[in-house]
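1. Sequence below, structure please.
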Amino acid sequence: MPGTHHQKGDTLTTPDLPNHQPATEASEPTPAAAQAPTPETATTPTTETAAAPVGHQPVTASTETPNVPAQPARKPLNKTLLIGAASFVIGALLGIAGTAATINTINDSNAKAAAEAAAKAEADKPHVLKAAATKCGITTKTGASLGDNDTSLALDGKGDEDSYGLSMTDITCVMDAIKVPDYIRAEMNKTRALDGTQRESWGNINATWSYHPNTGFNLGLSEKQ
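-> Here you go, the predicted structure:
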């Protein structure tokens with residue numbers, strides 16, 4: 001009978017119990033149990049010691065985290081190189097300053113020499129007013145006067161009431177020698193007594209003049225400085 005178990009001498013009827021076997025007999029694995037994978041014992045992650053660079057302490061890293069290498073220590077700068085570089089820079093700056101000072105000295109010397117040469121040339125150059133007076137032969141005549149180191153010339157023409165003075169011929173000779181422009185000559189010719197003193201300049205010459213019948217034509221000339 002299914003579900004019954006017989007022992008010697010006694011008859012024991014037990015209800016049908018699925019998948020149960022007497023305790024005295026070894027149980028056979030069921031198909032489901034035979035196919036179920038055997039669980040593996042959980043393992044604890046192990047740690048590995050990463051190889052550290054020479055001269056550094058080893059770094060312990062977990063297999064579950066990235067291995068970050070330690071930063072190498074910075075080497076101290078070579079003091080000899082720093083001192084040498086600083087000396088080079090200072091020397092270069094001193095050299096530049098010395099060169100600039102030398103150039104300035106040369107420029108100053110050249111400027112001074114040029115100024116002295118210009119002054120000498122001016123001193124040696126015959127003044128146009130003295131040259132004109134000499135050319136016209138009036139340096140010793142009454143009414144002609146050189147002044148200011150021969151850079152000015154006063155011409156006093158003879159008027160109706162004057163007992164002395166230069167003639168208009170003498171004055172015109174000087175005007176020709178110093179090349180008075182025609183437009184200024186025209187101004188001089190039409191000057192009246194009531195016009196007072198007139199002024200004009202050309203080239204290197206300044207001129208003032210006046211006219212009155214009693215005192216004549218008076219002309220003052222000066223060289224520009």
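
2. Can you give the contact residues for the helix or strand where Asn218 lies?
-> Per DSSP states H and E, Asn218 falls inside strand 216-223. Contacts to strand 216-223, defined as Cβ atoms under 8 Å, 6 or more residues apart in numbering, come from residues 127-129, 148, 151-160, 162, 165, 168, 171, 174-175, 178, 188, 204-211. All C-beta spots, glycine's among them, are computed from the backbone N, C-alpha and C.

3. Can you dump the C-alpha atoms of that strand in PDB for me?
-> Written as PDB, here are the backbone C-alpha positions of strand 216-223 (Å, rounded to 0.1, in the frame of the first residue of the first chain):
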ATOM      1  CA  GLY A 216      65.600 164.200 -42.500                       C
ATOM      2  CA  PHE A 217      65.200 160.500 -42.900                       C
ATOM      3  CA  ASN A 218      66.500 158.400 -39.900                       C
ATOM      4  CA  LEU A 219      67.000 154.700 -40.300                       C
ATOM      5  CA  GLY A 220      67.900 152.200 -37.500                       C
ATOM      6  CA  LEU A 221      69.100 148.700 -38.400                       C
ATOM      7  CA  SER A 222      69.900 145.700 -36.100                       C
ATOM      8  CA  GLU A 223      70.800 142.100 -36.700                       C
END
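
4. Under the pLDDT cut-off, which ranges of the chain? List them.
-> For the chain, the stretches flagged by pLDDT under 70 are 1-79, 119-126.

5. could you redo the last one with a cut-off of 50?
-> Applying pLDDT under 50 to the chain flags the ranges 1-15, 17-18, 20-50, 52, 54-56, 61.

6. Tell me which stretches of it form helices.
-> 31-35, 79-124, 128-136, 168-177, 182-189 (DSSP state H).

7. so of the ones you listed, which one's packed in deepest?
-> Counting by mean count of other Cβ atoms under 10 Å, helix 128-136 has the highest mean neighbour count of the helices of the chain, with a mean of 19.

8. contact partners of that one?
-> 139, 144, 146, 150-153, 170, 173-174, 177-178, 204-205, 221-223.

9. got the angle between that helix and helix 168-177?
-> 130 degrees (axes from the mean of the first three to the mean of the last three Cα atoms, to 10 degrees).

10. hang on, the earlier thing: quick one: the helices of the chain as a markdown table, columns for distance to Gln198 too.
-> Shown next, in a markdown table, are the helices of the chain (distance: least, Cβ to Cβ, whole Å):
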| stretch | distance to Gln198 |
| --- | --- |
| helix 31-35 | 140 |
| helix 79-124 | 29 |
| helix 128-136 | 19 |
| helix 168-177 | 14 |
| helix 182-189 | 6 |
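
11. what's the closest of the ones you listed to Arg199?
-> Arg199 lies closest to helix 182-189 among these, at 10.0 Å (Cβ to Cβ).

12. do you know how far Lys158 is from Ile205?
-> 23 Å (Cβ to Cβ, to the nearest Å).
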